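Asks: From the sequence below, what's the structure:
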Amino acid sequence: MENNSSFKRNAVLVGGIIGALVGVVAANMLVKEVEEGDNQDALTPAKGFQLGMLVLGLLRQITNL
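Replies: Predicted coordinates:
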């Protein structure tokens, strides 16, 4: 039973670290895009909503593995 608890803890820890790293890379890419271009509205509310829906779809696909 303790092995199952250890697996859950490790899965959450690794998933959190990977998610944080992906978020930092995505934010860095967004900042670079805004700095290099004339487009100050790199992430509009509509694009943010679309991105959120894509991430939720990805999470659903991962949970169905």
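
Asks: For residue 42, give me its contacts.
Replies: 30, 33-34 (CB atoms under 8 Å, 6 or more residues apart in numbering). Glycine gets a C-beta too; all of them are placed from N, C-alpha and C.

Asks: Low-confidence bits of this protein, can you list those?
Replies: Residues of the chain meeting the criterion pLDDT under 70: 1-2, 38-40.

Asks: Number of residues surrounding residue 43?
Replies: Residue 43 has 13 neighbours, counted by other CB atoms under 10 Å.

Asks: Same check on residue 53?
Replies: 10.

Asks: Check residue 18 too.
Replies: 10.

Asks: what's the spacing between the host helix or strand of it and its chain's center?
Replies: Secondary structure assignment for residue 18, by DSSP states H and E: helix 2-36. Relative to its parent chain, helix 2-36 has a centroid offset of 7 Å by CA atoms, centre = their mean, to the nearest Å.

Asks: Show me what secondary structure element comes after it.
Replies: Immediately after helix 2-36, counting by DSSP H and E, sits helix 45-63.
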